[in-house]
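# just need the structure, nothing else, for what follows:
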Amino acid sequence: MRLLLVLALLLLPVTLIPAAAAQDGQPKWEDWLKEVRKEAEEKGIRAEILDQTLTGLTPLERVIRADQNQAEFVETLDTYLAKRVSQARIDGGRKALAENADLLRQVAEKHGVQPEYIVAIWGMETNYGKYFPSENAIQALATLAYDPRRGAYFRKELFAALEILNDDFISVPEMKASWAGAMGQPQFMPTSYLQYADDFDGDGHKDIWNNKGDIFGSVANYLRSYKWQGEQPWGFEVSLPEGFAAKLHAVGDYDQGGCRAMNQHSRALPLSEWQSMGVRDLEGRDLPPGDMEATLIKPDGEASRAFLAFGNYRAILRYNCANFYAIAVGRLADLVKQ
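The predicted model follows:
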């Protein structure tokens, strides 16, 4: 099924934006942009900001293609992990953990998030600050806001990005982003920046582009906001007994609560109940004792690897709502700490 999806995506027409404009009475790009400017003015965005960002703006077809071909949805878990939890990424994480030990300890004390998870997300997002996104943030967000597929979501992000510029948090030329409009070394969407960016060093700026304290503090503040537990792991891979599918069906599905990746999870049960159902770790040993609740996930379908995931896993999903991503962050954090 994944192969068929990839082939289908490769066969998509390259004129994605014009095609979208013809659907469901979609307005022309120029008319749509005028309407965006009018709404931005009503929201208090200064004219000079709108002149700098919206004048002569054109949509980016490569952004639409990237949105329709995200790795979390077209690769297998094994392929995804091999690329993103490589030995080079692990070694880089261990080096980053050691070099920034004092600062990470301070961030951990403030926000209650273990340093290895902060480093793992930093590594996943921008390879420990070595990757610098190069897209014009406003252009990328406007492209995605115009596309009907997820237009409402990206329209909100577009106005948030204009608000960031309007408040002089960063200049227009400096506001570079990924194809999805994610900014800085933590790769925050604009609404996330406005809500979670942390001025860790108290200098009056929330600099997620260059200031490591603000970068680490912002990642930790984001996770803490979604009920991160500082002494809790993310989860671990497990082995299942023969005939387990029927038992899992009886357990039922998790009430997803806002992240579609949770649709693949079972209802949360205490570890003791999973133990009684025959679930063991990969070595066949008993599960850890206690009643900490975990969901069970098989991210690649019925025949795939299985994991028990705790509450911190669900916090990672709030950072990026993709099970492959959350598993990769957890695995990288474990290996970096080792």
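# residue ranges with poor pLDDT in the chain?
1-24, 70-74, 256-258 (pLDDT under 70).
# how about the strands in it?
Using DSSP state E, the strands of the chain run over 135-136, 176-177, 235-239, 269-270, 280-281, 293-297, 306-309.
# contacts for the first one?
Pointing back at strand 135-136 there. With contacts defined as CB atoms under 8 Å, 6 or more residues apart in numbering, strand 135-136 is touched by 60, 63, 175-179, 181. C-beta coordinates here come from the backbone N, C-alpha and C atoms, glycine included.
# looking at those residues, which one is closest to residue 108?
Nearest to residue 108 among the contacts of strand 135-136, counting by CB to CB, is residue 178 at 26.8 Å.
# gap between the closest one and residue 250?
Using CB to CB, to the nearest Å, we find residue 178 at a distance of 42 Å from residue 250.
# the more surrounded of these two?
Shown here are residue 178 and residue 250; by other CB atoms under 10 Å, residue 178 has more neighbours (19 against 10).
# against residue 44, how distant is the more buried one?
Going from residue 178 to residue 44 by CB to CB gives 27 Å.
# then residue 116?
Relative to residue 44, residue 116 is positioned 41 Å away (CB to CB).
# ditto for residue 236
The value you get for residue 236 to residue 44, if CB to CB is used, is 49 Å.
# who has more neighbours, these two?
In this view residue 236 and residue 44 are compared by other CB under 10 Å, and residue 236 has more residues nearby, 17 against 9.
# name all residues that make contact with the more buried one.
Taking CB under 8 Å, 6+ apart as the test, what residue 236 contacts is 281, 307-308.
# how many neighbours does residue 184 have?
Neighbour tally, residue 184, other CB under 10 Å: 26.
# show me the contacts for the residue nearest to residue 331 when sequence neighbours are not counted.
Spatial nearest neighbour of residue 331, excluding adjacent residues (CB to CB, 6 or more residues apart in numbering): residue 85 at 5.1 Å. Applying CB under 8 Å, 6+ apart to residue 85 gives the contacts 328, 331-332, 335.
# again, only using 10 Å
Residues near residue 85 by CB atoms under 10 Å, 6 or more residues apart in numbering: 93, 120, 123-124, 327-336.
# likewise residue 306?
Neighbouring residues of residue 306 by CB under 10 Å, 6+ apart: 237-240, 244, 248, 279, 282, 296-300.
# quick one: the residue nearest to residue 90 when sequence neighbours are not counted and residue 120, what's the gap?
Take residue 90 and drop its neighbours on the chain: the residue closest to it by CB to CB, 6+ apart is residue 335, 4.7 Å away. Computed as CB to CB, the residue 335 to residue 120 distance reads 9 Å.
# same check, this time on residue 338
Distance of residue 338 to residue 120, given as CB to CB: 12 Å.
# name the residue in these two with the higher neighbour count.
In this view residue 338 and residue 120 are compared by other CB under 10 Å, and residue 120 has more residues nearby, 30 against 8.
# can you name the residues that contact the more buried one?
85, 89-90, 93, 96-97, 114, 219, 234, 316, 328-337.
# among the residues you listed, which are in helices?
The members of the contacts of residue 120 that map onto helices under DSSP state H are 89-90, 93, 96-97, 219, 316, 328-337.
# list buried residues within those.
For these, a neighbour count by 16 or more other CB atoms under 10 Å gives the buried set as 89-90, 93, 96-97, 219, 316, 328-336.
# of those residues, which is the nearest to residue 25?
Nearest to residue 25 among those is residue 316, at 39.3 Å by CB to CB.
# my guess is the closest one meets residue 232, correct?
No - applying CB atoms under 10 Å, one finds residue 316 not in contact with residue 232, separated by 11.8 Å.
# between the contacts of residue 236, which is nearest residue 129?
residue 307 (28.9 Å).
# residues near that closest one, how many?
Counted by other CB under 10 Å, the residues lying close to residue 307 total 24.
# list the contacts of it.
Neighbour list for residue 307: 77, 234-238, 265, 294-299, 313, 323, 326-327, 330-331 [criterion: CB under 10 Å, 6+ apart].
# what's the burial count for residue 68?
16.
# what's the answer for residue 272, then?
Neighbour tally, residue 272, other CB under 10 Å: 14.
# do residue 216 as well
If you count neighbours by other CB under 10 Å, residue 216 ends up with 29.
# what's the answer for residue 152, then?
Counted with other CB under 10 Å, residues neighbouring residue 152 total 8.
# ok, now residue 249?
By the measure other CB under 10 Å, the count of residues near residue 249 is 10.
# residue 58 now?
When neighbours are defined as other CB under 10 Å, residue 58 has 12 of them.
# just residue 243 next, same as before
8.
# residues contacting it?
residue 278.
# in stretch 213-225, what counts as buried?
Neighbour counts over stretch 213-225 (16+ other CB under 10 Å) mark 213-224 as buried.
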